[in-house]
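Asker: only geometry, no sequence info:
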DNA sequence: CACACTATTGATCAAGTGATCAATAAGAAT
DNA sequence: ATTCTTATTGATCACTTGATCAATAGTGTG
């Protein structure tokens, strides 16, 4: 008896409608993955005809790409804000690792994994992926450089360390996505690993908090 | 002028034809990714009508899953054989890292990444992925345990270390896939990281070779 | 040689995708 | 109140996907 009847969408300003559609795409991506961001799924979610979604976007590849960018950059902003509240590089790095590996962002991890895969057939998305990876790298590199400057971290290539850290984080998260059975604690051992990379004593990151 | 004319496939034994189709699927997956393993692409590749591919497989999900398993388990066997030629755990671990991160297996990495993504909508594939991850983990855990037994590695949870290592490796490879521009050397820093995880001195893994 | 078995195929279906466009109607402007 | 602008839509197309099945044609057997 509950029919998803849709009379006709109220007329709204292009800016507002466009924002609504982008938001619907964001929700679909977080709930069902980037691959589920389709002309019709986004239309249904924003309670609008499929043609209207197409009307407000150059094409679906672009909507998928921008949806990815929106989701990831929001996460970056969130983490950056969190790091800003911490006193020093050691605390920042420790919290960075713990936060990104705490398992509460699996929806974003799914988006990442699907973006890697879909990016091979969607150039706009591939560009977005590279852009957001660079953005993340910049954040992490910043923390590493602070540590190197203060003498707490021992490294001569903060950029490489940042890439390495991101790769490790992404991999562990992607893995946990599949291994959901006994995922357990990603991120307990990683402290040791990172301490090794940066010439820190055992526990330097864990006890920092 | 060059028409891909196909008269009619020679009649072969079911076993042989089935193997041919599986092989065609393997090639398609390695060359264009798992997502390209489609009824028609595999049929074309094995020079056979699409219906025949369907005839020899319960469904495409199953073919994709078995193709994934074939590719990954072949890689595992290959690496296991390589490791068997080395004298001790330290050499084995070093070579393991270097081999998996040398960038010569990007085709397999693509298959992994797409498997993670497609596995969310293909249960058979998801099961295959978990199975192959377990197989990899077993191999790595074996090496770690050897090192722990001989006192070279310092750890009380070889299983967790193995998972951690695999996550790091997968992440770095997946990242390099996108970042192909300046991928450079994945795997130089990882030695330090792993040394940190296992309580080894700096360079213990690198100089082992 | 004739026959039975079965590997192989062409044709066809339903489902889902992105995309286009003329037609409609809501809301603003006069 | 009437006109005009344009946000919104239904209908429809082309394409790709997995899947089914009756019909065809090799191949070995009796």
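Answerer: Everything's here; your move. Values in this document were obtained by computation on a predicted structure and should not be read as measured data. Numbers count the residues shown, from 1 in each chain, chains lettered A, B, ... in the order given.

Asker: use CA for all of it now, contacts and neighbours both
Answerer: OK.

Asker: residue closest to the middle of chain A?
Answerer: Nearest to the mean C-alpha position of chain A, by CA atoms, centre = their mean, lies residue A:72 at 3.6 Å.

Asker: what is the host helix or strand of it packed up against?
Answerer: Of the helices and strands defined by DSSP states H and E, residue A:72 is found in helix A:60-84. Counting contacts by 3 or more CA pairs under 8 Å, 6 or more residues apart in numbering or on different chains; DSSP states H and E, helix A:60-84 packs against helix A:14-32, helix A:89-100, helix A:106-118, helix A:123-149.

Asker: list the helices and strands the longest one packs on?
Answerer: Think helix A:123-149. Applying 3+ CA pairs under 8 Å, 6+ apart, we find helix A:123-149 packed against helix A:60-84, helix A:89-100, helix A:106-118, helix A:158-178, helix B:158-178.

Asker: next, the angle helix A:123-149 makes with the shortest one.
Answerer: Spelled out, it's helix A:89-100. Interaxial angle, helix A:89-100 versus helix A:123-149 (axes from the mean of the first three to the mean of the last three CA atoms, to 10 degrees): 150 degrees.

Asker: buried ones in helix A:89-100?
Answerer: Residues of helix A:89-100 classed as buried: A:89-98, A:100 (neighbour count, 16 or more other CA atoms under 10 Å in any protein chain shown).

Asker: hmm, back to that, for the helices and strands packed on helix A:60-84, which one ends up most surrounded?
Answerer: Highest mean neighbour count of the helices and strands packed on helix A:60-84: helix A:106-118, a mean of 22 (counted as mean count of other CA atoms under 10 Å in any protein chain shown).

Asker: mind giving me the domain split of chain A?
Answerer: Domains of chain A are assigned by automatic domain parsing as A:11-57, A:68-197.

Asker: run the contact check for stretch A:104-117 versus chain B.
Answerer: Yes - with CA under 8 Å from any CA of the partner chain as the criterion, chain B is reached by stretch A:104-117 at A:110, A:113-114, A:116-117.

Asker: just these now: which is nearest residue A:32?
Answerer: residue A:110 (8.7 Å; CA to CA).

Asker: list the contacts for the closest one?
Answerer: Residues near residue A:110 by CA atoms under 8 Å, 6 or more residues apart in numbering or on different chains: A:30, A:33-34, A:174, A:177, B:117.

Asker: mind checking pLDDT for it?
Answerer: At residue A:110, the model reports a pLDDT of 98.

Asker: one step back: now do the buried residues in the helix holding residue A:72.
Answerer: Within helix A:60-84, the residues that count as buried by 16+ other CA under 10 Å are A:61-73, A:75-76, A:79-80, A:83.

Asker: pull out whichever of those residues are also neighbours of DNA strand C.
Answerer: Here is what survives when those are matched to DNA strand C using CA under 7 Å from any atom of the strand: residue A:61.

Asker: other SSEs contacting the least confident helix or strand in chain A by mean pLDDT?
Answerer: Ranked by mean pLDDT, DSSP states H and E, the weakest helix or strand in chain A is helix A:189-197, scoring a mean of 90. When contacts are defined as 3+ CA pairs under 8 Å, 6+ apart, helix A:189-197 sits against helix B:158-178, helix B:189-197.
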